[in-house]
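K.L.:
predicted coordinates and the sequence they were generated for:
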Amino acid sequence: HSRRRIDVFHNGCESSAQRFVQSRTEKPVDNQVVRCQGGRDELGADFVECHFLCHFHQFLVGLAVRGEFTTNEDYMPFIHSLQQGAENTRTGYLNVSVLGGNTANTEFEVLTGMNLRYFGPGEYPYKTVLKHRVSESAASALGALGYGTHALHNNGGNFYSRAAVFNNIGFDSYTSKEFMNILQLTENGWAKDDILIQHIMEAMDTTEQQDFVFGVSVQGHGEYPEEKVLENPAVTVEGIEDEALHNRWEYYVNQVYEMDQFAGNLVKAIEERGEPSVVVFYGDHLPTMGLEAKDLKSRYLYNTNYVIWDNIGLEKQDRNIPAYQIMSDVLDRLDIHSGTVFNYHQERRKSKNYLADLELLQYDILYGNQYVYDGKLPITEGHMMMGVKDVTLSNVVSQLNGGCSLYGENFTKQSKVYVNGEKQKSRFLNNTRIDLSETELKEGDVISVRQMGSSDTLFRKANDYIYQQGQLQVVEGTGTDTSISWMEQTEDEKE
């Protein structure tokens, strides 16, 4: 064995996060990690074809705060109804690696099955290795079995580098806020979660087969205002004398109350589809409220909660579980055995040297020579498209005071209009109309609409339209090619 240094890059700057792991410099001949059956992609005899939805909330937690904290009504009635013994649910504590922030690290553990304990201190894999390198995940594992794989987030697509990372870990599509008409915001400016239901259904409708859907919520995000911002809160807080702390908690529990309604509405929407489905809700970390262990039912600051709902009759088996094991656990219950790390957990979780070999396996996959694959890589490149719907144009109308209005479908606030390659001054009115106050179209002008993210990132381009005799003629095949990665096409079109 040799001691190997891992140099990581955080936000593009080299750091001195030195992690020494035990690794072989040559391929192990008799290594249990390599022999963990990681290469198999198979469905067991008890597999039931179903949709698999995994959604994380900021924050799904069970609080018992300081004994004096009371509310006029239950602020999480739907989730609590699932936790309190419903036959078609399983629940427990989810042990996470972060507290009060670093959301993407819990997400990383859930999606990859890797344990962040073995990474450098303060590292975000989303901002370092996964930003530039492909790797296995639940998306690639389920995609290998024919699932459609979709990610959704009601925040910016580039936040935590998700647009790049989700592409690199095998998702088919990613619908971020740039593809959503978000009309409802929290008092401190975050998108409310109910918008996600429509887009989850649309993503599932793009495929005929079963789907894996990974949703990321943002409504419960901090900071929580110390001044009173809710005029008529649905849930009121009693028992906290400090006014600023009272206002923070009251704001927080009302966001959780609405997020709980979202969870109930999502399950209702799934039920109405009438298709076999499994839904996992989990919390990413505790809120930034100065909590202490004694304030929590679990008496542990790194525990959140998870709840699994299904309509296929899975056996009820409640247990507490680390975030990096939950995906393999659910897949095992579904009799799905796919993905190197997930198969490793299923085969080796109770064996000797389980964690030590997991550390070696993670290193081999992300930083090493990938001996475990024996030359047969499960993923070699990303293929993800941004969004699942194209913008289409139907008509253009000149305005009396100059300029014109574009009419079509699927516009959002992030839809930017270009004429002959030049960006136009535009005003978004709704999902069917954009006004161009300074644009006078001429015969033969080429119009295109692009969905733009932060840092002038082109996520998706609609087909071009040519202005001819007052009408718009579509030029098929000029939009983003959704059969290959959006990242391969964005550089040439960057603003």
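P.N.:
Alright, I've got the coordinates.
K.L.:
which ones are touching Val279?
P.N.:
Val279 sits next to Leu53, Cys54, His55, Leu266, Val267, Ile270, Ile308, Trp309, Asp310 when contact means Cβ atoms under 8 Å, 6 or more residues apart in numbering. No exception for glycine: its C-beta is placed from N, CA and C like everyone else's.
K.L.:
what pairs with it across the strands?
P.N.:
Note on Val279: beta-bridge partners by DSSP bridges are Leu53, Trp309.
K.L.:
quick check: closest non-adjacent residue to Lys389.
P.N.:
In this structure, Lys389 finds its nearest non-sequential neighbour in Asn410, 4.9 Å apart by Cβ to Cβ, 6 or more residues apart in numbering.
K.L.:
quick one: contacts for the one you found?
P.N.:
Residues near Asn410 by Cβ under 8 Å, 6+ apart: Phe179, Lys389, Asp390, Val391, Thr392, Asn431.
K.L.:
neighbours of Asn88, how many?
P.N.:
Neighbour count of Asn88, defined by other Cβ atoms under 10 Å: 14.
K.L.:
wait, I meant Lys192
P.N.:
20.
K.L.:
ok, it - contacts?
P.N.:
Lys192 sits next to Asn154, Ile182, Gln184, Leu185, Thr186, Gln219, Glu258, Phe262 when contact means Cβ under 8 Å, 6+ apart.
K.L.:
go on, Ile484?
P.N.:
Residues counted as contacts of Ile484 (Cβ under 8 Å, 6+ apart) are His383.
K.L.:
tell me what the longest helix anywhere in the chain is packed against?
P.N.:
Assignment by DSSP state H gives helix 243-273 as the longest helix of the chain. For helix 243-273, the helices and strands in contact under the criterion 3 or more Cβ pairs under 8 Å, 6 or more residues apart in numbering; DSSP states H and E are strand 51-57, helix 77-83, helix 195-205, strand 237-238, strand 277-283.
K.L.:
for those, which one sits closest to Glu136?
P.N.:
strand 51-57 (16.0 Å; Cβ to Cβ).
K.L.:
by contact count, what packs against the following helix or strand past the closest one?
P.N.:
Using DSSP states H and E, the helix or strand that follows strand 51-57 in sequence is strand 70-71. For strand 70-71, the elements it packs on are strand 237-238, judged by 3+ Cβ pairs under 8 Å, 6+ apart.
K.L.:
so what touches the strand it packs on?
P.N.:
With contacts defined as Cβ under 8 Å, 6+ apart, strand 237-238 is touched by Phe69, Thr70, Thr71, Asn72, His246, Trp249, Glu250, Val253.
K.L.:
a markdown table for the contacts of Val279, including neighbour count, pLDDT and distance to Gln317?
P.N.:
What follows is the contacts of Val279, written out as a markdown table (neighbours: other Cβ atoms under 10 Å; pLDDT from 0 to 100; distance: Cβ to Cβ, whole Å):
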| residue | neighbour count | pLDDT | distance to Gln317 |
| --- | --- | --- | --- |
| Leu53 | 22 | 91 | 19 |
| Cys54 | 24 | 90 | 18 |
| His55 | 21 | 83 | 20 |
| Leu266 | 23 | 96 | 23 |
| Val267 | 18 | 95 | 20 |
| Ile270 | 24 | 96 | 21 |
| Ile308 | 24 | 93 | 10 |
| Trp309 | 24 | 94 | 14 |
| Asp310 | 21 | 94 | 12 |
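K.L.:
among the residues you listed, which one sits closest to Gln362?
P.N.:
The closest of these, once distances to Gln362 are taken by Cβ to Cβ, is Cys54, at 20.7 Å.
K.L.:
check contacts around that closest one.
P.N.:
By Cβ under 8 Å, 6+ apart, the contact set of Cys54 is Val110, Ala138, Phe212, Val213, Phe214, Gly215, Val279, Val280, Tyr282, Met327, Val330.
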